[in-house]
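# Prediction below, plus the sequence it came from.
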Amino acid sequence: MQHQQSRHSVRPDWSDSNMRSISVRESDDERDLAVHRSGVLKRIRDPELASVVAFTAAQYRSSLAGLSIIMGRRQILLGAVGTDIQETSIEDSFCAVTIQRPGEPLIVPDATADGRFADFRTVTGQPYVRFYAGVSIVDRNGYALGALCIADPTPRTDPFDPTVLLIRAREIERLVRS
């Protein structure tokens, strides 16, 4: 399956040091409108979506997992494993970085060793994220609404296979579209 690229996203290099600062672009207003049109925010704590998140966490033996939607300057968790947080600012959001490259997984083996993320509050404090992997959730029109992700307080040095993460992200896209 070929992944549709977000129509209005800037496609920075993953290694771009400027990615540490999350900026609001013109397309963010259009994405916010796409989030509203999708109706996805009505599915907070939806059991069907939560089961996909839980399965993904179990498959990767990850202590943290989430399905986030990026809306304005906030990240809303529709479903999560390992945290009770329902909403955060995008300033310290790995998922806000992930959606900048729809269709491409963002894999961070050790966030403390990555200048883009080392100062994030979720890295320097609870839950002490070290490993992160995420994939964008894209609507029919190519807007990245959010991301499915896993994270752990332990770095992962072995090669990471994102296949299950990609498959589960496509499953969530189908559920959100139905």
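Done, it's in.

# got any ranges where this protein has weak pLDDT?
1-27 (pLDDT under 70).

# All the helices of it, residue numbers only.
26-38, 47-59, 94-98, 121-124, 163-177 (DSSP state H).

# which one of those helices is the most hemmed in?
Highest mean neighbour count of the helices of the chain: helix 94-98, a mean of 25 (counted as mean count of other CB atoms under 10 Å). Just so you know, the C-beta spots here come from the backbone N, C-alpha and C atoms, and that holds for glycine as well.

# Quick check: which helices or strands does that helix pack against?
Using 3 or more CB pairs under 8 Å, 6 or more residues apart in numbering; DSSP states H and E as the contact test, the elements touching helix 94-98 are strand 64-71, strand 106-108, strand 131-138, strand 144-152.

# Take the ones you listed and lay them out in TSV including distance to E48.
Putting the helices and strands packed on helix 94-98 into TSV (distance: least, CB to CB, whole Å) gives the following:
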stretch	distance to E48
strand 64-71	11
strand 106-108	25
strand 131-138	14
strand 144-152	14
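
# ok, back up a step: how about the helices of the chain, which one is nearest T83?
For T83, the closest of those is helix 121-124, at 9.7 Å, according to CB to CB.

# Distance to P159 and mean neighbour count for the helices and strands packed on helix 94-98 - can I get that in CSV?
Putting the helices and strands packed on helix 94-98 into CSV (distance: least, CB to CB, whole Å; neighbours: other CB atoms under 10 Å) gives the following:
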stretch, distance to P159, mean neighbour count
strand 64-71, 20, 25
strand 106-108, 9, 22
strand 131-138, 12, 27
strand 144-152, 15, 28
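
# Surely A65 and V52 touch.
No. A65 is beyond contact range of V52, at 9.5 Å (criterion: CB atoms under 8 Å).

# what sits in contact with each of the two?
L148 (CB atoms under 8 Å, 6 or more residues apart in numbering).

# Tell me how far the residue in the chain sticking out farthest from the centre lies from G125.
Most distant from the centre of the chain: D158, at 21.1 Å, with distances by CA atoms, centre = their mean. Distance check for D158 against G125: by CB to CB, to the nearest Å, it reads 26 Å.
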